[in-house]
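1. Mind looking at a prediction? Sequence and model below.
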Amino acid sequence: MRKTIINENECQYNAIRKGDLKAFESFYLKYQPRLFVYGVGILNNEDEVMDLVQEAFISFWENREHILSDYSVIAYLYKIFHSKCLKYLRMNSVVTEFSNLSELKVQEIEISYYNHEDNLLNSIYMHDLEDLYDKTIQKLPEQCREIFMLNKQEEMRSAEIASKLGLSVRTVENQIYRAIRIVREEMKEYALPSAMVIMILDIIF
Amino acid sequence: MITNIDNVLLIKYMRKELSESESQQVVDWLQEKNENKHFLFGLKEAYMLSRWDELNDKAETENGWDELKKSLHKNQPSIRKKYIRVALQYAAVLIFLFATGFVIHNLFQKQQPQYTTIETASGQQSTLTLNDGTIVRLNQNSKLIYPKNFNQHTRNVTLSGEAFFEVSHNENKPFLVNVGCYTVKVLGTKFNVNAYKGDIYSYTSLKEGKVLIVDNQKGHKVLSELKPGTQLGYNRKTGDYAVKSIDINAIANWRLNQIVIRNQKLGTVAEMLSSKYGYTIDVNNCKIEKLMYNITIEKEPLDEILSDIQCVTPQVHYYIDHERKWVIIK
């Protein structure tokens, strides 16, 4: 099963490399929303993320001959996106006269975290989120599901949510680790060989 | 095991509600341990996963593809090119305006003499070369008026604000800078004039060569002859003036967008930082007030300057509150 998935992917990447627009379309349809969710997680501005995602796909397409095989392809897409985000963040901080430097630092830490291939490959952003979403929500322990509900509690202040969760960090920590483990377990099905480092990136950026 | 942190911060982080100082706390915490990163970003992934349905809709993938395809088809590989096209449109309008201006300018040229005015807004600087080869660097909020062609005998310009002049040498044609109450007369030198309209004092500082300060009111009397490394301060209200030695590099360093602090006490340094960054800075320890510093600031953030100060003089401790724009040094 896994083998066929990989083979399909390889065919797709080969086709993209040769300039097949149809193959690029299905690649886009699959990864555009993931890149968007990922970007929204890091940056504040959804419109801006939308543009950066488009730009990343465009650079990806322009540099398609450099695509190597297999899953490094997606890492490559994310790396392009990373460099676009960093450029945007730094420009933006100049425009706002460095008024939010610490926020920028958090964002840069997060980007460099995912720039590390292992972290990226183990993250949810590489996988079929639709499946994950359904499966994990069923399996999560009670308190973890609360985390899932965070965004549904718009009117509630953060402190109230924290106190509603009513737990010390240590307790939450254990719960979260369990949750992450469950999420990761679910992803195992899609687990992939660790990717090659793409040297070409250094040449392009 | 992760290190301890307030839950509220983590939740605020995921909901992007952190204030500037809270962000800093999270940064510090993240940098403590790799486990902290795995924990927080894992948590965030769970959170983002929970928003999948909502964000998947917002991603408008189909639309995105249509637009992408269009831009690929038009052989316009990059969105950036769109911006360039917009920029070109603006440029075309500008060129048209310039051209129109030029025609109008020529129509009126017969009326002599022709003056050009250059004005800079706040935060803006401008460098221009006059047709005799003189280079003028205008600081912010300044205005320079100069003739299109200098007359045969003198080179007259009028300045309000601050400018650094590098006057090309011409013994037969003195260069005159009129600042309202007095005129700076030179043959060929480098000097800085600071004469803002609202300020009571105006200053002329000489870097190289020789300048004469000539009074505009009392029969064009020569007030003073400046030597390199000296400065004339002129009180516009009383007409009093005085000459003193200065560090010309410190005076004219605005040209490099720098602030140069030479041998100043901590108290003075705090005042200068306060006016540059707009923070209230309190020095709460008389023991350290007399420490002396040499600092050159370009674009460093305040945090960096403060931590550098702490680095060279470890007895100095500081606390910074970005939210209230407040610093305590002790």
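-> It's in.

2. from here on, contacts and neighbour counts on C-alpha atoms
-> OK.

3. give me the number of residues near B:D28?
-> 14 (other CA atoms under 10 Å in any protein chain shown).

4. Sorry, slip of the keys, the one I care about is B:A46.
-> Neighbours around B:A46, by other CA under 10 Å: 25.

5. Would you mind measuring from it to A:N45?
-> Using CA to CA, to the nearest Å, one gets 20 Å for the distance from B:A46 to A:N45.

6. now do B:D199
-> Distance from B:D199 to A:N45, by CA to CA: 43 Å.

7. right, is the top helix by length along chain A up against chain B?
-> Longest helix in chain A by number of residues (criterion: DSSP state H): helix A:72-95. No - Helix A:72-95 is not in contact with chain B by CA under 8 Å from any CA of the partner chain; minimum separation 10.3 Å.

8. Would you mark the buried spots in that helix?
-> Neighbour counts over helix A:72-95 (16 or more other CA atoms under 10 Å in any protein chain shown) mark A:72-86, A:88-89, A:93 as buried.

9. List the buried residues in the helix or strand immediately after that helix in the chain.
-> Sequence-wise, the next helix or strand downstream of helix A:72-95 (DSSP states H and E) is helix A:101-115. For helix A:101-115, a neighbour-count test (16+ other CA under 10 Å) marks A:101-111, A:113-115 as buried.

10. Run the contact check for helix A:101-115 versus chain B.
-> Yes - interface with chain B: helix A:101-115 contributes A:101-103, A:105-106, A:110, A:113 (CA under 8 Å from any CA).

11. what's the farthest-apart pair in those?
-> The largest separation in those, counting by CA to CA, is between A:L101 and A:Y113 at 18.2 Å.

12. phi, psi of B:K190?
-> phi -120, psi 120 (degrees, to the nearest 10).

13. shouldn't it be in contact with B:A163?
-> No - taking CA atoms under 8 Å as the definition, B:K190 is not a contact partner of B:A163, at 10.8 Å.

14. if you count what's nearby, which of those two comes out ahead?
-> Using other CA under 10 Å, the more surrounded residue of B:K190 and B:A163 is B:A163, with 27 against 21.

15. The more buried one is in contact with B:V136, isn't it?
-> Yes - judged on CA under 8 Å, B:A163 makes contact with B:V136 at a distance of 6.6 Å.

16. Tabulate the buried residues of helix A:101-115 (JSON lines), appending pLDDT.
-> Listed next are those as JSON lines, based on pLDDT from 0 to 100:
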{"residue": "A:L101", "pLDDT": "80"}
{"residue": "A:S102", "pLDDT": "84"}
{"residue": "A:E103", "pLDDT": "86"}
{"residue": "A:L104", "pLDDT": "86"}
{"residue": "A:K105", "pLDDT": "88"}
{"residue": "A:V106", "pLDDT": "89"}
{"residue": "A:Q107", "pLDDT": "90"}
{"residue": "A:E108", "pLDDT": "89"}
{"residue": "A:I109", "pLDDT": "90"}
{"residue": "A:E110", "pLDDT": "91"}
{"residue": "A:I111", "pLDDT": "90"}
{"residue": "A:Y113", "pLDDT": "89"}
{"residue": "A:Y114", "pLDDT": "88"}
{"residue": "A:N115", "pLDDT": "85"}
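
17. Spell out which residues make up each domain of the chain.
-> Using chain A here. A:1-126+A:195-205, A:128-189 (automatic domain parsing).

18. actually chain B
-> B:7-58, B:115-251, B:258-329.

19. which one of the ones you listed lies closest to B:A87?
-> Closest approach to B:A87 among the domains of chain B is made by domain B:115-251 (21.1 Å; CA to CA).

20. from memory B:V136 sits against B:L159, does it?
-> No - in terms of CA under 8 Å, B:V136 does not count as a neighbour of B:L159; the distance is 10.8 Å.

21. Please say which of the two ends up with more neighbours.
-> Neighbour count, other CA under 10 Å: between B:V136 and B:L159, B:L159 has more, with 25 against 20.

22. Contacts only, for the more buried one.
-> Contact analysis of B:L159 by CA atoms under 8 Å, 6 or more residues apart in numbering or on different chains lists B:142-145, B:177-180, B:195.

23. now the nearest residue to A:I111 once chain neighbours are set aside: how far from A:H116?
-> Distances taken as CA to CA, 6 or more residues apart in numbering or on different chains place A:H82 nearest to A:I111, at 6.5 Å, with adjacent residues excluded. A:H82 is 11 Å from A:H116, where distance means CA to CA.

24. repeat for B:F191
-> 54 Å.

25. Which one of these two is surrounded by more residues?
-> B:F191 (27 against 12).

26. hmm, who's touching whichever strand or helix holds the more buried one?
-> According to DSSP H and E, B:F191 maps onto strand B:190-195. Residues from elsewhere that reach strand B:190-195 (CA under 8 Å, 6+ apart): B:159-167, B:179, B:201-209, B:251-252.

27. let's go with 6 Å and repeat that
-> B:160-166, B:202-208 (CA atoms under 6 Å, 6 or more residues apart in numbering or on different chains).

28. Please narrow those to those residing in strands.
-> By the criterion of DSSP state E, membership of those in strands covers B:160-166, B:202-208.

29. Please pick the buried ones from those residues.
-> When the ones in strands among the contacts of strand B:190-195 are checked for burial by 16+ other CA under 10 Å, the buried set is B:160-166, B:202-208.

30. Farthest-apart pair in those residues, please.
-> Using CA to CA, these reach their maximum pairwise distance at B:S160 and B:E208, which is 22.0 Å.

31. quick one, helices of chain A?
-> Assigned by DSSP H, the helices in chain A fall at A:2-17, A:21-42, A:46-62, A:72-95, A:101-115, A:117-121, A:129-139, A:142-149, A:158-165, A:169-188, A:200-204.

32. so what secondary structure elements neighbour the fifth one?
-> To tie it back to what came earlier, the one meant is helix A:101-115. helix B:20-32 (3 or more CA pairs under 6 Å, 6 or more residues apart in numbering or on different chains; DSSP states H and E).

33. switch the cut-off to 7 Å
-> Applying 3 or more CA pairs under 7 Å, 6 or more residues apart in numbering or on different chains; DSSP states H and E, we find helix A:101-115 packed against helix A:72-95, helix B:20-32.

34. between these, which one is nearest to B:Y90?
-> Comparing the helices and strands packed on helix A:101-115 by CA to CA, helix A:72-95 comes nearest, at 21.0 Å.
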